[in-house]
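**Student:** Structure of the sequence below:
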Amino acid sequence: MHAFDVLGDPVRRRILELLAGGEQSSGDVTTVVRAEFGISQPAVSQHLRVLRENGFTTVRAEGARRLYSVDPGPLKEIDGWLEQYRRFWTGPLDALATEIARGRRERRKAAEESD
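**Tutor:** Next up, the predicted model:
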């Protein structure tokens, strides 16, 4: 399965968002995803399996619990693919940062002049 096929599903993206905050048990992930998407526990387990089998997550056993965490490997591959497109937003973001800094300087200067 291609990385974008895996991440094309909103449930799997949400699971990765949850795991980005740190390792979580499958039960904790299931509780949040079931509440937000209204899907069954087996459906959440299937999404976790797809993420694991495609390298986006790792799982380790701790007693009866299964603890999931993000595996950054596939995300690095996606980031590498996106590199060719960064020029479309990097320039405008740099320009925005310049304008924000200019506005701060002008406000500081105006505040100093009024003192």
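
**Student:** so how far is residue 86 from the residue positioned nearest the centre of the chain?
**Tutor:** The C-alpha lying nearest the average C-alpha coordinate of the chain belongs to residue 17 (Cα atoms, centre = their mean; 4.6 Å). Residue 17 is 22 Å from residue 86, where distance means Cβ to Cβ, to the nearest Å. Where C-beta positions appear, they are placed from N, C-alpha and C, glycine not excepted.

**Student:** next one: residue 105
**Tutor:** For residue 105, the distance to residue 86 under the criterion Cβ to Cβ works out to 28 Å.

**Student:** Check residue 5 too.
**Tutor:** The spacing between residue 5 and residue 86, counted by Cβ to Cβ, is 23 Å.

**Student:** and what of residue 102?
**Tutor:** When Cβ to Cβ is the yardstick, residue 102 and residue 86 sit 24 Å from each other.

**Student:** and what of residue 101?
**Tutor:** Between residue 101 and residue 86 the computed distance is 21 Å (Cβ to Cβ).

**Student:** which residues touch the closest residue to residue 65 other than its chain neighbours?
**Tutor:** Taking Cβ to Cβ, 6 or more residues apart in numbering as the measure, residue 65 lies nearest to residue 25, with 4.9 Å between them; neighbours along the chain are not counted. By Cβ atoms under 8 Å, 6 or more residues apart in numbering, the residues touching residue 25 are 65, 66, 67, 68.

**Student:** Also residue 115?
**Tutor:** Under the criterion of Cβ under 8 Å, 6+ apart, the contact list for residue 115 is empty.

**Student:** which one's the longest helix in this protein?
**Tutor:** Looking only at the chain and at elements set by DSSP state H, the helix with the highest residue count is helix 87-114.

**Student:** tell me the mean pLDDT over that one?
**Tutor:** Per-residue pLDDT values across helix 87-114 average out to 84.
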